[in-house]
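> Just the structure for this:
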Amino acid sequence: MNELDAFYSQASDHLRQQSAAWAAHIDAIGPCLHAPLPTRDPYQALVRAIAYQQLHAKAAEAILGRLLALYPGDDFPSPQQLLATSPEQLRACGFSGRKISTVQAVAQGRLDGLVPDHAEARQLEQEVLVERLTRLPGVGRWTVEMLLIYTLEQMDILPVDDFGVREGYRRLHGLEAQPTPRQLKELGAAWSPFRTVAAWYLWRVPAK
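Numbers count the residues shown, from 1 in each chain. Below you'll find the predicted structure:
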């Protein structure tokens, strides 16, 4: 067992101890398969996260697919390429007006040095990075948390504003209403230092 698998096993054991509902759910889903993508530049990760804002995964992937098709031969558009792309082209990909402004602000922020490269991002404290990136219009805490989880491989992040996480908790415990972000933050304190793994499992609570 490698180091990451050992961590996931430890996390699952910790979460199983939280309640019978947690234990049953983890047994049903199986081992955690969370797969960060640490090779992505934070600029790219932010653009991708913005595409996912308030959308189902399939819709966001379709938008990203159309975006990438605009730049044949490139894995992902550079900040300069994205800034040179017209709003009409981005709208045809499926981006809303607000998201067009946001992704281009991220591209400009990368050129200006506000959006760090991978090496710098890893050196910044979590809350410093959140404060810095949420200066960008349209970038909220959730967007930065997706960067922390998927690009910077942070394993103790609980995105309490995430609908899927809150809905997963509601389904897991058979509640009538979702916990508020504040309530989920308090509940999630007991899941530390494995809150990213907890979020991964909560995203996978089936509808009943």
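
> who are the neighbours in contact with the closest residue to A62 other than its chain neighbours?
Residue nearest to A62 in three dimensions, not counting chain neighbours: G94, with 6.6 Å by C-beta to C-beta, 6 or more residues apart in numbering. Where you see a C-beta, it was placed from the backbone N, CA and C, and this is true even at glycine. For G94, the contact set (C-beta atoms under 8 Å, 6 or more residues apart in numbering) comprises A59, A62, I63, R66.

> Closest to the centroid, which residue in this structure?
Per C-alpha atoms, centre = their mean, the C-alpha nearest to the average position across the chain is that of M146, at 2.2 Å.

> Tell me if I'm right that that one and A49 touch.
Yes: with contact defined as C-beta atoms under 8 Å, M146 reaches A49; the gap is 4.1 Å.

> May I ask you to name the longest helix in this structure?
Looking across the chain with DSSP state H, the single longest helix is helix 97-112.

> contacts for the helix or strand following that helix?
Downstream of helix 97-112, the first helix or strand assigned by DSSP states H and E is helix 118-123. Helix 118-123 is contacted from outside by P38, R40, D41, P42, L129, L147, T151, L152, using C-beta under 8 Å, 6+ apart.

> give me the number of residues near K58?
8 (other C-beta atoms under 10 Å).

> Kindly apply the preceding question to G168 instead.
By the measure other C-beta under 10 Å, the count of residues near G168 is 22.

> For it, give me the pLDDT.
pLDDT for G168: 97.

> For H14, give its distance to I157.
H14 is 16 Å from I157, where distance means C-beta to C-beta, to the nearest Å.

> When the two are compared, which one has more neighbours?
I157 (20 against 17).

> Go ahead and confirm the more buried one touches L148.
Yes: contact criterion C-beta under 8 Å: I157 and L148 qualify, at 5.1 Å.

> shared neighbours, the two?
Joint contacts of I157 and L148 (C-beta under 8 Å, 6+ apart) are Q126.

> And the residue lying closest to D162 once chain neighbours are set aside, how close does it get to A21?
Take D162 and drop its neighbours on the chain: the residue closest to it by C-beta to C-beta, 6+ apart is W142, 6.1 Å away. W142 is 25 Å from A21, where distance means C-beta to C-beta.

> Can you pick out the residue with more neighbours from the two?
Set W142 next to A21 and count neighbours by other C-beta under 10 Å: W142 wins out with 18 against 14.

> Mind telling me what element that one is part of?
Using DSSP H and E, W142 maps to helix 141-150.

> and the angle for that helix with helix 97-112?
Calculated by axes from the mean of the first three to the mean of the last three C-alpha atoms, to 10 degrees, helix 141-150 forms an angle of 60 degrees with helix 97-112.

> Need the CA coordinates for stretch 163-174. CSV is fine.
The C-alpha coordinates for stretch 163-174 follow below in CSV (Å, rounded to 0.1, in the frame of the first residue of the first chain):
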residue,chain,number,x,y,z
PHE,A,163,-24.5,22.2,-2.6
GLY,A,164,-23.4,18.6,-3.2
VAL,A,165,-21.6,18.3,0.1
ARG,A,166,-24.5,19.7,2.1
GLU,A,167,-27.0,17.7,0.2
GLY,A,168,-24.9,14.6,0.7
TYR,A,169,-24.9,15.2,4.4
ARG,A,170,-28.6,15.7,4.4
ARG,A,171,-29.2,12.4,2.6
LEU,A,172,-26.6,10.5,4.7
HIS,A,173,-28.5,11.3,7.9
GLY,A,174,-32.0,11.4,6.5
